[in-house]
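[1] Fold the following and give me the result.
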Amino acid sequence: SFRAPADHGGVPHTTLHHRERGRRSIEEKAQSQQYLTPSEDKAVVEFLLQMSNLGQPVRVKIYLQ
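    Below you'll find the predicted structure:
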């Protein structure tokens, strides 16, 4: 039974049941659906911050390439 551990951990018992059966968490599922890898995402953020610090506007068109 998952009720006692769920009560002790403060999570719904259905969450433990689903994890035991292989269902991924919302965060894990979202991570597998990302367009960019974490390092690519970081590079984009650094580029945008650098352009902002230089006072250069960045067109939306650049984001879509």
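[2] Is Glu46 within a helix or a strand, and which one?
    Secondary structure from DSSP states H and E places Glu46 in helix 38-53.
[3] Give me the most central residue, this protein.
    Gln31 (4.8 Å; C-alpha atoms, centre = their mean).
[4] what's the helix or strand for that residue?
    helix 26-32.
[5] Please tell me how far the residue nearest to Glu20 when sequence neighbours are not counted sits from Asn53.
    What sits nearest to Glu20 in space, not counting adjacent residues and going by C-beta to C-beta, 6 or more residues apart in numbering, is Phe2, at 7.4 Å. Backbone N, C-alpha and C define where each C-beta goes, glycine included. Noted for Phe2: a distance of 51 Å to Asn53, by C-beta to C-beta, to the nearest Å.
[6] contact partners of the helix holding Glu46?
    Here helix 38-53 makes contact (C-beta atoms under 8 Å, 6 or more residues apart in numbering) with 34, 36, 57-58.
[7] For the helix holding Gln31, what does the pLDDT average out to?
    For helix 26-32, mean pLDDT rounds to 83.
[8] Kindly report the same for stretch 48-65.
    82.
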